[in-house]
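Novice: Here's a sequence, model it:
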Amino acid sequence: MVYAKEILILTTESFAIYHESFGVTKKDKDMVGSLLDALLNFMKEVMEEEKILGIRFGGGDLIIERGKQVLTVISVVLTEGQREQEELTFRNQLLELIHEVENKFQDKFKEPLFQSNTFLEIGSMVHTKFFGNQLVRISLDDFDGADPFFYEALVFKLTPHGLKRYRFYNNDSVFLELTRNFPRDKFDQILPSMHENNSLIHFKDYKALFKGADREKIISVLYFLAKKGIFELFSVER
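Specialist: Residues are numbered from 1 along each chain as shown. All right, here's what the predicted structure looks like:
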């Protein structure tokens with residue numbers, strides 16, 4: 001069965017802006033980006049450009065697509081006998097993703113320095129593009145008291161009436177207590193965007209959004225919002 005193992009998004013200047021490894025091993029995206037950039041530069045010396053766009057290696061394939069401002073690389077396992085068709089599907093998805101990323105962040109690429117949350121919503125774009133049909137709903141019982149790796153794999157989906165519910169509950173006494181000394185105003189920024197554009201957001205994106213906040217505090221706040229029907233909880237079935 002075809003599945004994605006890893007995805008990396010670089011600027012054309014080789015700055016890694018997104019990396020996701022769909023497994024238990026977590027890698028530093030800047031290190032992965034530097035290694036990949038060195039590999040691509042080496043291959044340019046010995047291979048034709050069109051051959052670099054698809055590389056087969058032990059255990060899988062690398063599929064590479066380039067836009068005007070970003071380069072995407074995805075590591076996949078393709079089904080024997082259906083490789084060409086499956087590769088074409090992934091390439092089309094990568095091209096769509098490149099188009100969405102470049103359109104949304106076109107002004108950001110002009111900035112000399114990127115902030116940690118500059119490309120916050122890319123993770124949600126990736127999950128929507130590649131795993132929208134593989135989301136498995138998680139119950140609140142599963143969420144409460146789970147191990148750290150469980151949270152890292154979570155995807156939150158804003159419910160159809162989630163934004164309206166949030167505006168009702170944001171003055172709830174329990175929520176006010178939970179968000180004491182917490183940058184709750186960032187929910188006021190991200191939820192309307194989720195409502196209008198992409199209803200999915202990865203837990204890691206929330207960690208980046210609330211950088212510096214206590215991890216357990218973030219989990220408690222998200223649990224409250226899920227309990228009130230503002231979010232639905234999912235993980236990706238791989």
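Novice: now the helices for the chain?
Specialist: Using DSSP state H, the helices of the chain run over 29-46, 49-52, 83-104, 122-131, 140-143, 148-152, 162-169, 173-178, 185-196, 203-209, 215-227.
Novice: I'd like to know which of those is closest to residue 73.
Specialist: Closest of these to residue 73 is helix 29-46, at 6.2 Å (criterion: C-beta to C-beta). Where C-beta positions appear, they are placed from N, C-alpha and C, glycine not excepted.
Novice: Deepest-packed of the helices of the chain, please.
Specialist: helix 122-131 (a mean of 20; mean count of other C-beta atoms under 10 Å).
Novice: Count the residues that sit near the residue nearest to residue 137 when sequence neighbours are not counted.
Specialist: Excluding the flanking residues, the one nearest residue 137 by C-beta to C-beta, 6 or more residues apart in numbering is residue 234, at 5.7 Å. Residues lying near residue 234 (other C-beta atoms under 10 Å) number 20.
Novice: and the closest residue to residue 194 other than its chain neighbours, what pLDDT?
Specialist: Spatial nearest neighbour of residue 194, excluding adjacent residues (C-beta to C-beta, 6+ apart): residue 158 at 4.4 Å. Predicted confidence (pLDDT) for residue 158: 89.
Novice: which residues does residue 158 contact?
Specialist: Residues near residue 158 by C-beta atoms under 8 Å, 6 or more residues apart in numbering: 191, 194-195, 199-201, 230-231.
Novice: one step back: what pLDDT is listed against the residue nearest to residue 137?
Specialist: At residue 234, the predicted lDDT confidence score is 86.
Novice: and what of residue 36?
Specialist: Value for residue 36, per-residue pLDDT: 60.
Novice: Quick check: which ranges of the chain have low pLDDT?
Specialist: 1-3, 21-60, 112, 115-117, 131-134, 145, 148, 197-198, 236-238 (pLDDT under 70).
Novice: The same query, at a cut-off of 50, please.
Specialist: 1, 23-27, 42, 46-47, 50-52, 58 (pLDDT under 50).
Novice: Grab the most central residue of it for me.
Specialist: residue 123 (1.4 Å; C-alpha atoms, centre = their mean).
Novice: for that residue, what are its contacts?
Specialist: Contacts of residue 123 (C-beta under 8 Å, 6+ apart): 18, 20, 201-202, 204-205.
Novice: Columns distance to residue 165 on top of those residues, output as TSV?
Specialist: As requested, those are arranged in TSV below (distance: C-beta to C-beta, whole Å):
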residue	distance to residue 165
18	30
20	29
201	16
202	21
204	24
205	20
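Novice: Out of those, flag the one nearest to residue 61.
Specialist: When the contacts of residue 123 are ranked by distance to residue 61 (C-beta to C-beta), residue 20 comes first, at 17.0 Å.
Novice: Name all residues that make contact with that closest one.
Specialist: Taking C-beta under 8 Å, 6+ apart, we find residue 20 in contact with 6-7, 123, 126.
Novice: Noted, bye for now.
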